[in-house]
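A.B. asks: Quick check, what structure comes out for this input:
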Amino acid sequence: MSSEAVKGEAGAPSQCGEFGLEVRLRNRILGALETAGYPELRSVRCQLDEGVVVLHGVLPSYHLKQVAQHAILALNDGHVVKNLIDVSLRSTKA
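C.D. replies: This is a model prediction of the structure:
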């Protein structure tokens, strides 16, 4: 199974593989993060690893870390979510 990274930015590489369910899941994950209402969530990346959605990235608050996780869990598709997002008060912008 593919474990390519998903990054919520325009022009990001192909994410979570290129096959049917993985593509649909990727689109649902990115849509959930985008519609959560926090632009910072666009920096969140994920991997699909044997049915587990693993979240990665750095966010400026624990609240946003929880919002990202909740947005994915709200998809209610039975996937386990492992939240490895780090929290740092430093700006994540380059």
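A.B. asks: How are the strands of the protein distributed by residue range?
C.D. replies: 6-7, 45-49, 52-56, 58-59, 80-83, 86-87 (DSSP state E).
A.B. asks: how about those strands in JSON lines, adding mean neighbour count, distance to residue 22 and mean pLDDT?
C.D. replies: Backbone N, C-alpha and C define where each C-beta goes, glycine included. Shown next, in JSON lines, are those (neighbours: other C-beta atoms under 10 Å; distance: least, C-beta to C-beta, whole Å; pLDDT from 0 to 100):
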{"stretch": "strand 6-7", "mean neighbour count": "22", "distance to residue 22": "10", "mean pLDDT": "44"}
{"stretch": "strand 45-49", "mean neighbour count": "21", "distance to residue 22": "6", "mean pLDDT": "85"}
{"stretch": "strand 52-56", "mean neighbour count": "19", "distance to residue 22": "11", "mean pLDDT": "91"}
{"stretch": "strand 58-59", "mean neighbour count": "18", "distance to residue 22": "24", "mean pLDDT": "96"}
{"stretch": "strand 80-83", "mean neighbour count": "15", "distance to residue 22": "15", "mean pLDDT": "92"}
{"stretch": "strand 86-87", "mean neighbour count": "11", "distance to residue 22": "25", "mean pLDDT": "97"}
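A.B. asks: To residue 38, which of these lies closest?
C.D. replies: Nearest to residue 38 among those is strand 58-59; the distance by C-beta to C-beta comes to 8.7 Å.
A.B. asks: hmm, who's touching the closest one?
C.D. replies: Contacts with strand 58-59, where a contact means C-beta atoms under 8 Å, 6 or more residues apart in numbering, come from 40-41, 43-44, 65, 68, 85-88, 92.
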